[in-house]
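*Asks:* With the input below, show me the fold.
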Amino acid sequence: MREDILRQLPAHDQRLFQLFGQGPVRHVPHACIHHAIEEQAAARPLAVAAEHLDESITYGELDRKASQLAAQLAELGVRPGDRVALFVRRSIPMLIGLLATLKAGAAYVPQDVRMTPSAQLRHVVRVTNARVILTLSSYADRVLPLAEGRTVLAVDDIMGERRAPGGPLAPVGMAGPDDGCYVLFTSGTTGRPNGVTVTHRNVCNLLLTEPGDLGIRPGDRVAQILNIAFDMAAWEILGSLSHGATLVIRGRDIGEAALDAQVVIATPTILSGIDPGRCRRIRTVAVAGEPCPRPLADRWAGVCTFYNGCGPTETTIVNTMQRHTPSAVRLTIGRPTPNNTVYVLDEHRRPLAIGEVGEMWAGGDGVSAGYLDNPELNAERYAPDPFLGAGHRMFRTRDLGRWTPDGELEHLGRTDDQVKIRGFRVELDSVSAVLESLPGCVRAATVKLDDQTLVSFVSPGHLSPEEARAGVAAALPYYCVPTAVHTLEVLPRTSRGKIDKAALLRLAAAS
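*Replies:* Modelled structure (predicted):
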């Protein structure tokens, strides 16, 4: 880090700012994530790569069929740097289409074809300029009207075609570490989702180093339970296949896929619906995507290795992780992952002393390539990294945090979760965290109804509204106490497994 930028801090804080903010420097064994998968296929061609309901596919079969499809994509003009839309459902053909796209040198653009509105699918096709759309035969009629002159291929139909026998197919794409691996669409402030390009360097840096590799090894079973359009699904899928494990793709029952798995990756909301006592073989669980309640973390950390992580899509799934234990003084989001940095800065992007609350900016190899077709947003959220210099960029996460004295990050909500109630600043996640610490509450969420009113929701319905309000009053200032607390058996979820605060706000307004 450049020391001249740190001169405003006392010498002690200068040293800790650099020490705490820099993740360990680690070698990454592959430049492209599909090379790691191909290595597993060559070493263990008969090992089961994935299971879905009553179907399975070996690594050898997956590699061969993906290579065949990659050759077809190349014939259709797909080149390194291009993007291929992957409009599918959870399935084995989904994996073939994903790997084929990477082998062709392109980035895959995943969307759940059944759940995503047609207008959004059309927006994805336009923004990514995808010349090929991969889908399933049962959804071809829905996808064809969106194609607008592009080629639509049903992966399951191609899988069923007989091919002439022959030797291994030569690689058809020569993607490099800074080429796109996938493009994910995040919620846009204008109502239009924004496409984020995540590179092979970004993905390999997390999945092929500790602790982001989650200790996955050949023979493990990794649950695939998340929406494929969510970046944590890439952690499940690519993390499993790049280490020779078996990916257990769920059907309708989320919990069933976790019952016999060694590794589970989930949002806290999804994990709260899974009973750890029934997960007989569980070894590792990782959560991210939203704040994790301490009781949930303690419960799972008592039976397995438990990681609490944090990081937006733009910093590649997570860029901080903590291995939590029930005896820990506090639940944090840990430290920067290898080859990554985190800075706690003030509103003028100046470094803050250890323990001061500021906005977290992310640097290093996890910082993604940026938004497609949105230079204004790129300028707002990405900036030159003055601490690493040498052409590096950093990303504004909009997460609030501070360093603990022992060098871990406390997540203190998001800048857009800070609201004014009766003129006082309130962090909504802080109110919810207190509720989740009360007996009888597993998940909680708080929304601002108007400038005078907070409304909270708790699940399941084992906590009375009176007890809930009293619990908040005992822990936080009076203006943080919700005017109303509603009990629900299950809080509504978004398609990506997070608490649906927009739905809760509608419920609050209607009550």
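*Asks:* ok, Lys65 to Pro93 distance?
*Replies:* From Lys65 across to Pro93, the span is 9 Å (Cβ to Cβ, to the nearest Å). For glycine as for every other residue, the C-beta is placed from the backbone atoms N, C-alpha and C.
*Asks:* what stretches of the stretch 1-150 of the chain score poorly on pLDDT?
*Replies:* 1-3 (pLDDT under 70).
*Asks:* If we use 80, what do you get?
*Replies:* 1-4 (pLDDT under 80).
*Asks:* show me where it has strands.
*Replies:* Applying DSSP state E, counting those that start in this stretch to the stretch 1-150 of the chain gives strands spanning 48-52, 55-58, 83-88, 107-112, 132-135.
*Asks:* Tell me what angle the longest helix seen in the chain forms with strand 48-52.
*Replies:* If you go by DSSP state H, the chain has its longest helix at helix 59-75. Put simply, helix 59-75 runs at 80 degrees to strand 48-52, going by axes from the mean of the first three to the mean of the last three Cα atoms, to 10 degrees.
*Asks:* Which other helices and strands does helix 59-75 contact?
*Replies:* helix 33-43, strand 48-52, helix 92-103, helix 155-160 (3 or more Cβ pairs under 8 Å, 6 or more residues apart in numbering; DSSP states H and E).
*Asks:* Switch these over to a markdown table; also include mean neighbour count and distance to Val458.
*Replies:* Below are these laid out as a markdown table (neighbours: other Cβ atoms under 10 Å; distance: least, Cβ to Cβ, whole Å):
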| stretch | mean neighbour count | distance to Val458 |
| --- | --- | --- |
| helix 33-43 | 21 | 40 |
| strand 48-52 | 22 | 35 |
| helix 92-103 | 28 | 36 |
| helix 155-160 | 17 | 43 |
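*Asks:* And the ones you listed: which comes nearest Gln22?
*Replies:* helix 33-43 (24.3 Å; Cβ to Cβ).
*Asks:* now the angle between helix 59-75 and the closest one, please.
*Replies:* Using the same axes, to 10 degrees: helix 33-43 against helix 59-75 is 140 degrees.
*Asks:* Can you tell me which helices and strands helix 33-43 packs against?
*Replies:* Helix 33-43 packs on helix 59-75, helix 92-103, helix 200-207, helix 231-241, going by 3+ Cβ pairs under 8 Å, 6+ apart.
*Asks:* want to try CSV for those helices, with distance to Ser511 as columns?
*Replies:* CSV is the format used below for the helices and strands packed on helix 33-43 (distance: least, Cβ to Cβ, whole Å):
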stretch, distance to Ser511
helix 59-75, 50
helix 92-103, 40
helix 200-207, 42
helix 231-241, 32
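*Asks:* Of all the ones you listed, which one comes closest to Trp300?
*Replies:* helix 231-241 (16.1 Å).
*Asks:* So which other helices or strands are in contact with the next helix or strand after that closest one?
*Replies:* Remark: after helix 231-241, the chain's next helix or strand is strand 246-249, criterion DSSP states H and E. Packing partners of strand 246-249 (3+ Cβ pairs under 8 Å, 6+ apart): strand 48-52, helix 92-103, strand 221-224, helix 231-241.
*Asks:* 6 Å instead, please
*Replies:* Applying 3 or more Cβ pairs under 6 Å, 6 or more residues apart in numbering; DSSP states H and E, one finds that strand 246-249 contacts strand 48-52, strand 221-224.
*Asks:* So which of those is nearest Arg126?
*Replies:* Using Cβ to Cβ, the helices and strands packed on strand 246-249 put strand 221-224 closest to Arg126, at 28.7 Å.
*Asks:* State the distance from Ile249 to Val472.
*Replies:* 41 Å.
*Asks:* How many neighbouring residues does Pro29 have?
*Replies:* The number of residues packed near Pro29 is 12, by other Cβ atoms under 10 Å.
*Asks:* dump the residue contacts of it.
*Replies:* Counting by Cβ atoms under 6 Å, 6 or more residues apart in numbering, Pro29 touches Leu208.
*Asks:* redo that, cut-off 8 Å
*Replies:* Neighbouring residues of Pro29 by Cβ atoms under 8 Å, 6 or more residues apart in numbering: Ala36, Cys204, Leu208.
*Asks:* What does Leu184 show for phi and psi?
*Replies:* Backbone torsions for Leu184, taken as degrees, to the nearest 10, come to phi -110, psi 150.
*Asks:* circling back to that earlier point, okay if I get the strands of the stretch 1-150 of the chain as TSV plus distance to Leu476?
*Replies:* Converted to TSV, those look like this (distance: least, Cβ to Cβ, whole Å):
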stretch	distance to Leu476
strand 48-52	46
strand 55-58	51
strand 83-88	45
strand 107-112	38
strand 132-135	49
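*Asks:* Of all those strands, which one comes closest to Arg7?
*Replies:* strand 107-112 (41.3 Å).
*Asks:* Run through who's touching the closest one.
*Replies:* Contacts for strand 107-112 (Cβ under 8 Å, 6+ apart): 82-89, 97-98, 101-102, 120-121, 124, 128, 130, 179-185, 195, 197, 227-229, 233, 495.
*Asks:* report the angle between the axes of that strand and helix 92-103?
*Replies:* Strand 107-112 runs at 160 degrees relative to helix 92-103, counting by the same axes, to 10 degrees.
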